[in-house]
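**Student:** got a predicted model here, sequence first, then my questions.
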Amino acid sequence: MADLLVIEGLSVAFGGVQALNRVSLSVHEGEILSIIGPNGAGKTSLFNSITGAYLPNQGRLLFRDKEITGRKPHEIARLGIARSFQNLKPFAEMTVRENVLIGLERRFSYGLLATILRSTRFRDEELNHRKSAGELLEFVGLGRRSRQLARNLTYGEQKMLEIARALALKPTLLLLDEPVAGMNPTETGFVMELVRKVRGEGITVVIIEHDMKMVMGISDRICVLDRGELIATGDPDEIRRNPRVIEAYLGGGATPNAEKQTPNPEP
């Protein structure tokens, strides 16, 4: 299986705090990969480094064999990497559809003059994007809420809107930061099916998540971080039985099946 993203010896430090320490891993094209680990393990720092929010102190990142280390977030997004955020910040006074259209507008090909004159090309492209926004909202289960203000959505619906906004960028690689945090089991099940649908569209998915039932149930592979270091990589069965993972993440007295009882740590 081809590598879509390659991370080589990535280190990130803030003052005396080592957020990531020479982390190396690959994301295979077409897979669902989960990143797990206790609070402070470096998971979000890894996402921020991939998307250009953090500049690594050491190492490099390759996306489709092209180095992206040090590129600006908007440049990385244009290459095909999109992410959702754990802390939801929708445009509350805009409609659900308008929130998605903001993401789609980054793909507009017309210039300022066409916008001012509202040329035929402008109108056609705007119509296509409105259609795409509707299709994305149907895809994530928000089709009936498209005309509602974003502030009127439930917490779970705002999570779906966040994913729709990321998908609006038409990514090849989608990074999801705690997509089911705070959700009930029914909502979590819906997100799991949605992630499988996203992968079915040819999009590779990387997830940071504390919900071990979801992680074990959906992942092709799992990477485990602890104190900024990668301590294990494998399929769910391998990770479930890895003594170092049990010690570092599941707890020193945990059994190999402890993920079924493990409470979700704070984000």
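**Tutor:** On my side now, so go ahead. Residues are numbered from 1 along each chain as shown.
**Student:** what sits up against the helix or strand hosting residue 98?
**Tutor:** Using DSSP states H and E, residue 98 sits in helix 96-105. Helix 96-105 is touched from outside by 90-91, 94, 129-130, 132-134, 136-137, 142, 145-150, 153, 161, 164-166, 168-169, with contacts defined as Cβ atoms under 8 Å, 6 or more residues apart in numbering. Glycine gets a C-beta too; all of them are placed from N, C-alpha and C.
**Student:** again, but for stretch 221-233
**Tutor:** In contact with stretch 221-233 (Cβ under 8 Å, 6+ apart) are residues 12, 18-25, 28, 31, 33-38, 40-43, 45-46, 215, 234-236, 238-239, 242, 244-245, 248-249.
**Student:** in PyMOL, select just the buried ones from these.
**Tutor:** Typed into PyMOL, the next command selects the buried ones out of these (criterion: 16 or more other Cβ atoms under 10 Å):
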select buried, resi 12+18+19+20+21+23+25+31+33+34+35+36+37+38+41+42+43+45+46+215+234+236+239+242+245+248+249
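**Student:** give me the subset of the contacts of stretch 221-233 that lies in helices.
**Tutor:** 43, 45-46, 215, 236, 238-239, 244-245 (DSSP state H).
**Student:** let me know the closest of the residues you listed to residue 55.
**Tutor:** In terms of Cβ to Cβ, no member of the ones in helices among the contacts of stretch 221-233 lies closer to residue 55 than residue 45, at 11.5 Å.
**Student:** that closest one reaches residue 53, doesn't it?
**Tutor:** No. Residue 45 lies out of contact with residue 53 (Cβ atoms under 8 Å); the separation is 9.3 Å.
**Student:** that older thread, please indicate which of the contacts of helix 96-105 are buried?
**Tutor:** If you count burial by 16+ other Cβ under 10 Å, the buried members of the contacts of helix 96-105 come out as 90, 129-130, 132-133, 136-137, 142, 145-146, 149-150, 153, 161, 164-166, 168-169.
**Student:** before we move on, back to that, reformat the ones in helices among the contacts of stretch 221-233 as JSON lines; add pLDDT.
**Tutor:** Formatted as JSON lines, the ones in helices among the contacts of stretch 221-233 follow (pLDDT from 0 to 100):
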{"residue": "43", "pLDDT": "95"}
{"residue": "45", "pLDDT": "95"}
{"residue": "46", "pLDDT": "97"}
{"residue": "215", "pLDDT": "95"}
{"residue": "236", "pLDDT": "96"}
{"residue": "238", "pLDDT": "95"}
{"residue": "239", "pLDDT": "94"}
{"residue": "244", "pLDDT": "89"}
{"residue": "245", "pLDDT": "90"}
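**Student:** pLDDT below threshold where in this protein?
**Tutor:** Where the chain drops to pLDDT under 70, the residues are 105-126, 249-267.
**Student:** so how many other residues sit close to residue 62?
**Tutor:** By the measure other Cβ atoms under 10 Å, the count of residues near residue 62 is 16.
**Student:** no no, residue 191
**Tutor:** Using other Cβ under 10 Å, residue 191 is surrounded by 24 other residues.
**Student:** what helix or strand is it located in?
**Tutor:** Assigning secondary structure by DSSP H and E places residue 191 in helix 185-200.
**Student:** which elements pack onto the helix or strand following that helix?
**Tutor:** Going down the chain from helix 185-200, the next helix or strand is strand 204-208, by DSSP H and E. Here strand 204-208 touches strand 3-14, strand 17-28, strand 32-36, helix 43-50, strand 173-177, helix 185-200, going by 3 or more Cβ pairs under 8 Å, 6 or more residues apart in numbering; DSSP states H and E.
**Student:** surely residue 75 and residue 66 touch.
**Tutor:** No. The pair residue 75 / residue 66 is not scored as a contact, 11.0 Å apart, by Cβ under 8 Å.
**Student:** how much space separates the closest residue in space to residue 73 that isn't next to it in sequence from residue 136?
**Tutor:** In this structure, residue 73 finds its nearest non-sequential neighbour in residue 52, 4.1 Å apart by Cβ to Cβ, 6 or more residues apart in numbering. Distance of residue 52 to residue 136, computed by Cβ to Cβ, to the nearest Å: 24 Å.
**Student:** I appreciate the help and will end here.
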